[in-house]
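Participant: Sharing a sequence plus its predicted fold:
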Amino acid sequence: MFRKLLPKETVYFENFRQMVQNLSEMADLTLKLFSSEVIDKTIILDIKPIEKRCDDITKKTFNRLNQTFITPFDREDIFNLIKKLDDIGDILYAAVIRIELFNRKQKIKYADEIAAIIVKQLDALEIAIQDLKVKHINECKAVKTLETEADSVYHRAIRELFIEEKDAIELIKKKEILSLLEDASDKCQSAANVILAIFIKNA
């Protein structure tokens, strides 16, 4: 019983690493999905189990937090970090599943550019999260810079969409998918902000 009260740093860190690795795999497949001129919906079948793995890691982390009194750093930060990471997976999956729900067959302009930025953000987060005792501040700043880039691409995409798309239903569908991808990029920044807060608190 006493063992459960002791800090298990490696377990939490391993959960974070596994989560980001899964998210990176999901982002790579999302980019592949949105990059093809003719959408290959079989890719969605590869993404679904990865999102489930992310949910399982989140649940295990929450359960561990409830079972231990001593944690390697602030309990709230552990909760916030795993939750922000889980949010990235949920939103990416929401964007992907819209392809299926809306029966999209053709590429959505700029979706691949935003997805490519998310891939880069997760690459930076993967480095930052390898060891939270090492302050990878530059990687966290890179995530923010990339989010600004994604925001710029999103605004350009929406501006052109409202000019070029004459079908109101198609406009709504495309905008929703683009908005979800941009939101996933925002969540990457949110995760980076939590990591920066951990660095500051444990300086």
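Facilitator: Thanks, I have it.

Participant: for the record, mean pLDDT for stretch 194-203?
Facilitator: Mean per-residue pLDDT for stretch 194-203: 80.

Participant: same deal with stretch 14-30?
Facilitator: Stretch 14-30 comes out at a mean pLDDT of 95.

Participant: now that stretch, how far from the chain's geometric center?
Facilitator: Centroid separation for stretch 14-30 versus its chain: 8 Å, with C-alpha atoms, centre = their mean, to the nearest Å.

Participant: Enumerate the positions of the helix or strand where D183 lies that are buried.
Facilitator: Applying DSSP states H and E as the criterion places D183 in helix 168-201. Neighbour counts using 16 or more other C-beta atoms under 10 Å place 173-175, 177-199 of helix 168-201 among the buried residues. In short, each C-beta sits where N, CA and C put it, glycine included.

Participant: Pull the number of nearby residues for Q18.
Facilitator: 16 (other C-beta atoms under 10 Å).

Participant: For the helix or strand containing L146, buried residues please.
Facilitator: Using DSSP H and E, L146 sits within helix 137-164. With burial defined by 16+ other C-beta under 10 Å, the residues of helix 137-164 counted as buried are 139-140, 142-144, 146-147, 149-151, 153-154, 157-158, 161.

Participant: Can you list the low-confidence ranges for this protein?
Facilitator: Counting by pLDDT under 70, the chain contains low-confidence ranges at 1-10, 69-72, 131-134, 202-203.

Participant: ok, for the residue most central in space within it, nearest residue in space, not its chain neighbours?
Facilitator: Nearest to the mean C-alpha position of the chain, counting by C-alpha atoms, centre = their mean, stands I88 at 2.8 Å. What sits nearest to I88 in space, not counting adjacent residues and going by C-beta to C-beta, 6 or more residues apart in numbering, is K187, at 4.6 Å.

Participant: Pretty sure K84 is one of the things that neighbour touches, is it not?
Facilitator: Yes. Between K187 and K84 there is a contact at 6.1 Å, judged by C-beta atoms under 8 Å.

Participant: State the distance from N63 to F13.
Facilitator: 17 Å (C-beta to C-beta, to the nearest Å).

Participant: Of the two, which one has the most company?
Facilitator: Neighbour count, other C-beta under 10 Å: between N63 and F13, F13 has more, with 16 against 10.

Participant: Pull out the buried positions in the host helix or strand of that one.
Facilitator: Remark: F13 resides in helix 9-35, with elements defined by DSSP H and E. Residues 12-13, 15-16, 18-31, 33-34 are the ones in helix 9-35 that count as buried (16+ other C-beta under 10 Å).

Participant: what angle sits between it and helix 168-201?
Facilitator: 160 degrees (axes from the mean of the first three to the mean of the last three C-alpha atoms, to 10 degrees).
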